[in-house]
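# any chance you can model this:
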Amino acid sequence: MQTIIPEEIKQRAQQLYLGISKKNTGNTPITLLHIADEYTILVTGSDIAVESTWLLNIGSQLTSRSYFKHNSPTPDEVENAIQVVEDEIMSIRKLITESSRLFTSDPEIGEIARLTKSATSDSGDLLLREDMEHLFNRLAAIITGRPTSQDILPTTNTFAATLLILREVMHHIGFEDIVILEE
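Purely as a prediction, here's the structure:
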């Protein structure tokens, strides 16, 4: 469920948004995604004008700590986490502009992009949803028993939680890609 955003978190999210909006080369609306340890923030707007900011009660460590009791998490633990993350995202899905472009400056999402075959664009590193889905499927194979020695994926639960949150945001809001900029 969406909660009231503490002022310092809201200001930080809006600063991140402004930094990204200055690098946006098109006239398309943008959405900032920031997956923090204890929450996820989405900020939407046009140009440098922030229109909406949402704080979701899902974060890389919060999700990991709350739902993953094993390292690597079990399939049931991942499924439970997916349900919770989906519920959070679905609460705001229709409020985000459909033509919006997704951006982030999160280094963890940059690491996810480096583990895929996605490309670099003029705007920054670009992570395609299909490449992210392929990476998630690799993680799922490890979770269901493939030896970790057969893949180079990080084995931490916070990595799994970050990838899960990113996947659900991209899938349920309908983003085909995410541009990753350095802060």
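# ok, residues contacting stretch 150-168?
Here stretch 150-168 makes contact (Cβ atoms under 8 Å, 6 or more residues apart in numbering) with 33, 35, 37, 40, 58-61, 63-64, 67-68, 71-73, 78, 81-82, 85-86, 89, 108-109, 111-112, 115, 132-133, 135-136, 138-139, 141-143, 148, 178. No exception for glycine: its C-beta is placed from N, CA and C like everyone else's.
# show me what counts as buried in it.
Burial within stretch 150-168, assessed by neighbour count using 16 or more other Cβ atoms under 10 Å, is assigned to 153-154, 157-168.
# format these as CSV; extra columns: distance to Thr104.
Formatted as CSV, the buried residues of stretch 150-168 follow (distance: Cβ to Cβ, whole Å):
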residue, distance to Thr104
Leu153, 19
Pro154, 18
Asn157, 20
Thr158, 16
Phe159, 16
Ala160, 18
Ala161, 15
Thr162, 11
Leu163, 13
Leu164, 15
Ile165, 11
Leu166, 9
Arg167, 14
Glu168, 14
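# and Leu55, what element?
Assigned by DSSP states H and E, Leu55 falls within strand 49-56.
# over to Ala160?
Ala160 belongs to helix 157-173, assigned by DSSP H and E.
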